[in-house]
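Peer 1: what shape does this take:
(chains A and B)
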Amino acid sequence: MKVVSKINTSLQDWADLFLKVLDKLPLTLFMLVTSLFFALILGVIIAIIRIQKPPILYGIATFYLSFTRCTPLLVQLFLVYFGLPQLLLVFNIDINSWNRLVFVIITFSFHTAAYLSEVIRSAYLAVGTEQLEAAYSVGMTYTQALRRIILPQAFVISLPNLGNNIIELLKDTSLAFSIGIIDIMGQVRIILGNNHGMGMFEIYVVISLVYWGTCILIEGIIGYAEKVFKKGRVSLSK
Amino acid sequence: MATTIDFKFALEQVPEVLKGVPVTLTIAIVAMVLGLVFGLLIALCRIYKVPVLNQLSIVYISFIRGTPLVVQLYVFFYGVPVLFDFLNHHFGLNLNADEVPTMIYALIAYTINTAAYEAEIFRASINAVNAGQMEAAYSVGMTTAQGLYRIVLPQAFVVAFPNLGNTFIGLIKATSLAFAVKVVEILAITRIIANNGYKFLEMYLVASIIYWIICWVCEVIFAKLEKKMSRYEKQMDLKTTA
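Peer 2: Residues are numbered from 1 along each chain as shown, chains lettered A, B, ... in the order given. Reported below is the predicted structural model:
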């Protein structure tokens, strides 16, 4: 395999590449935010199931967690994108015309929800039963206690872990190009096609800088959120 | 037009897909072991704040943890010929990127990725060991290296072990991306078979079950090892008889 391996790109070319890649960044961010939104909802539901342990749902939830966390994301992506239409064809439902983005968001939501449910569950357990008892002692119902006492505290505890998982989700979106989504990774195909296969190294350097920058941005936002929501709590790190 | 799910086809192809398991395990084990060694060295640089290496380590860890594995694989895959060209040009060597087996690319790239995560794990676990342990080691005349090797690191390793187990299972799943550097492992074989006959659902179910079984076996092994390792932490039951 012969690769053209001399770098002779000028500063103008680097800026050009950056702009072309950043052009598709909104789609990556859209996938991130949408998947995160659905994953949070699903994650809270599964966390509640795992905490309250209703008989049948608990088994289903544990099975789902085990499957999602033990199989690679790429396999799950192919399973949903290639396998789900085939499965539904058995029941005569044809979803071959759905937008590829829908499959991607379904896969990422289910994948991230598994990890988020464990994050939420551990944060909930970290709040402690004393808070719940105190809430009962002043006459609150479970739902009131959840909404007013436990969830605000659990949210602060879960923030670092949540930040980690959001960054993981951003990096996971880099796999969407393998089913043809034109996000910043998919943009590579187009740029390479236009440049006749030259400049592969440069463009991947550009993409890695874009991901790195976005991750640092997300880390900053989570750190700021931690500072804001931590007001009034006494913990080990001041 | 209803189609059926061809389970017989899937079962026939299982031996073919299993041929990829040794490749997957090789990448995972080699990357884990080498990543452990380098991760430990980098963690020590970070902890003892060695002047230049500390800053380099911070940048390296931030870069590896901030970029997707796929992008790192591609950067490495397309960067090595550029690097060889540069070395050939300036030092008159005669390196040829085509002659390097693709497995070497995968092993090095996965090692570089794993080492960054292991460095953070070791840094956390070494910090978790009581500082008094090192002081006690100094007080009996050990050097820093001896204190680390004989006292601190064994304890740090026990603390880090669950995280290392998680990293290994994550590595097994990460090998599914190795096709980016043209290594044929489980998922690559599955894609080839699936694309040939359009039997996507069956083949990807087979692949996910194989990965699931491998991860489950690893989890069981790690749980057993963990129990064995933390034997020294068990409290003694002092039953006083009145």
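Peer 1: tell me which element the closest residue to A:Leu17 other than its chain neighbours falls in.
Peer 2: In space, and not counting its chain neighbours, A:Leu17 is closest to A:Val206: 4.8 Å by CB to CB, 6 or more residues apart in numbering or on different chains. Placement of C-beta: from N, CA and C, glycine included. Using DSSP states H and E, A:Val206 maps to helix A:200-229.
Peer 1: one more: A:Ala47?
Peer 2: A:Ala47 belongs to helix A:25-52, assigned by DSSP H and E.
Peer 1: just B:Tyr105 next, same as before
Peer 2: Using DSSP H and E, B:Tyr105 falls in helix B:102-128.
Peer 1: next, the buried residues of that helix.
Peer 2: B:103, B:105-123, B:125-126 (16 or more other CB atoms under 10 Å in any protein chain shown).
Peer 1: what's the local residue count around residue 56?
Peer 2: Let's take chain A. 7 (other CB atoms under 10 Å in any protein chain shown).
Peer 1: that answer is for a different chain, and I need it for chain B
Peer 2: 13.
Peer 1: and it, what is it in contact with?
Peer 2: Residues near B:Leu56 by CB atoms under 8 Å, 6 or more residues apart in numbering or on different chains: none.
Peer 1: list the buried ones in the helix or strand where it lies?
Peer 2: B:Leu56 is part of helix B:51-66, with elements assigned from DSSP H and E. For helix B:51-66, the neighbour count (16+ other CB under 10 Å) marks B:Leu53, B:Ser57, B:Tyr60, B:Ile61, B:Phe63, B:Ile64, B:Arg65, B:Gly66 as buried.
Peer 1: same thing with stretch B:183-198?
Peer 2: For stretch B:183-198, the neighbour count (16+ other CB under 10 Å) marks B:Val183, B:Val184, B:Glu185, B:Ile186, B:Leu187, B:Ala188, B:Ile189, B:Thr190, B:Arg191, B:Ile193, B:Ala194 as buried.
Peer 1: for the nearest residue to B:Ala115 once chain neighbours are set aside, which residues are in contact?
Peer 2: Spatial nearest neighbour of B:Ala115, excluding adjacent residues (CB to CB, 6+ apart): B:Phe38 at 3.9 Å. Taking CB under 8 Å, 6+ apart, we find B:Phe38 in contact with B:Thr111, B:Ala115, B:Glu118, B:Ala119.
Peer 1: report all helices and strands that the helix holding B:Tyr105 contacts.
Peer 2: helix B:21-47, helix B:51-66, helix B:69-91, helix B:153-174 (3 or more CB pairs under 8 Å, 6 or more residues apart in numbering or on different chains; DSSP states H and E).
Peer 1: got the buried residues of stretch B:183-198 as a markdown table, with distance to chain A columns?
Peer 2: Converted to a markdown table, these look like this (distance: CB to the nearest CB, whole Å):
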| residue | distance to chain A |
| --- | --- |
| B:Val183 | 14 |
| B:Val184 | 15 |
| B:Glu185 | 11 |
| B:Ile186 | 9 |
| B:Leu187 | 6 |
| B:Ala188 | 11 |
| B:Ile189 | 12 |
| B:Thr190 | 8 |
| B:Arg191 | 7 |
| B:Ile193 | 12 |
| B:Ala194 | 7 |
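Peer 1: rewinding a little: these two touch, right, the residue nearest to A:Leu17 and A:Leu19?
Peer 2: No - using CB atoms under 8 Å, A:Val206 is not in contact with A:Leu19; the gap is 9.9 Å.
Peer 1: neighbour count winner among those two?
Peer 2: Neighbours were counted for A:Val206 and for A:Leu19 using other CB under 10 Å; A:Val206 has more, 23 against 10.
Peer 1: relative to chain B, how far out is A:Lys24?
Peer 2: To chain B, A:Lys24 is 14 Å away according to CB to the nearest CB, to the nearest Å.
Peer 1: tell me who's in contact with that residue.
Peer 2: A:Ile182, A:Asp183, A:Ile184, A:Gly186, A:Gln187.
Peer 1: for it, give its distance to A:Thr173.
Peer 2: 11 Å (CB to CB, to the nearest Å).
Peer 1: mind listing the shared neighbours of these two?
Peer 2: A:Asp183.
Peer 1: pull the number of nearby residues for the closest residue to B:Met32 other than its chain neighbours.
Peer 2: Leaving out its chain neighbours, the residue that sits closest to B:Met32 by CB to CB, 6+ apart is B:Phe168, at 5.4 Å. Using other CB under 10 Å, B:Phe168 is surrounded by 20 other residues.
Peer 1: surely B:Phe168 meets B:Ile221?
Peer 2: No - here B:Phe168 does not reach B:Ile221: they are 9.6 Å apart, not a contact under CB under 8 Å.
Peer 1: name the element B:Thr190 belongs to?
Peer 2: Using DSSP H and E, B:Thr190 maps to helix B:186-197.
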